[in-house]
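A.B. asks: Sharing a model prediction with you, sequence too.
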Amino acid sequence: MRMVDYEGEYLEGGSYADQAHRWVRKYQQLMAKARHLRSIAEQQAEEVGILRGMDYSRPVVQVSPSQDAIPDAVARRLEIKERMDRLADDAADRAREISDAIMRLADERHQTILLAHYVEGVTWERLCTDCEPEVTYRTMMRWRKLALTELYSEIPHVERMPEHHAL
């Protein structure tokens, strides 16, 4: 019996298709992470713009312990923005590696179904009805397993599960 995590993903080993599925699911996770990090970076940039746009020459009651408090806050926000941008770029680069690996598959149908499902988010059921002629869900799952098994050869060796019995 294989152990699964809270998302239903197999934790260790598994077939080539199982490992490829986990690897390609990273695309979705990485793209979501990149979008989230970019939104944080944009928020930081907006806040920096607000802080920089304030008129500090007007006489006001000083509420900060030092005159450097505002410039320090601006510098910290800029640093956070740069770090979020770097992390988002790294996530997008990794996601690009995965989509490039899918594009290197020899079978065009495998490319199509993996890109449609994992990159564009089309459900397997919808893919069944979009095929010409329409295919059964069982056939689509067979194609999925074949596509993921083919994709396994594109997974970098360092990311493959060493526990797999065939390695």
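C.D. replies: On my side now, so go ahead.
A.B. asks: mind showing which ranges of this structure have poor pLDDT?
C.D. replies: By pLDDT under 70, the low-scoring segments of the chain are 1-13, 51-69, 161-167.
A.B. asks: May I have the secondary structure class of the residue nearest the centre of it?
C.D. replies: Centroid-nearest residue in the chain, with Cα atoms, centre = their mean: Leu30, separated by 1.3 Å. What DSSP: H, G, I helix; E, B strand; the rest coil gives for Leu30 is helix.
A.B. asks: And the helices in this protein?
C.D. replies: 16-53, 69-103, 108-114, 124-130, 137-152 (DSSP state H).
A.B. asks: Give me the helices and strands touching the fourth one, please.
C.D. replies: Helices and strands in packing contact with helix 124-130 are listed as helix 137-152; criterion 3 or more Cβ pairs under 8 Å, 6 or more residues apart in numbering; DSSP states H and E. (Each C-beta comes from the backbone N, C-alpha and C, glycine too.)
A.B. asks: residues contacting the spatially closest residue to Ala34 that is not a sequence neighbour?
C.D. replies: Excluding the flanking residues, the one nearest Ala34 by Cβ to Cβ, 6 or more residues apart in numbering is Ala91, at 4.0 Å. By Cβ atoms under 8 Å, 6 or more residues apart in numbering, the residues touching Ala91 are Leu30, Met31, Lys33, Ala34, Leu37.
A.B. asks: ok, now with 7 Å
C.D. replies: Leu30, Lys33, Ala34, Leu37 (Cβ atoms under 7 Å, 6 or more residues apart in numbering).
A.B. asks: same check, this time on Ile102
C.D. replies: Gln111, Leu114, Leu115, Leu151.
A.B. asks: who wins for neighbours among the residues you listed?
C.D. replies: Leu114 (27 neighbours; other Cβ atoms under 10 Å).
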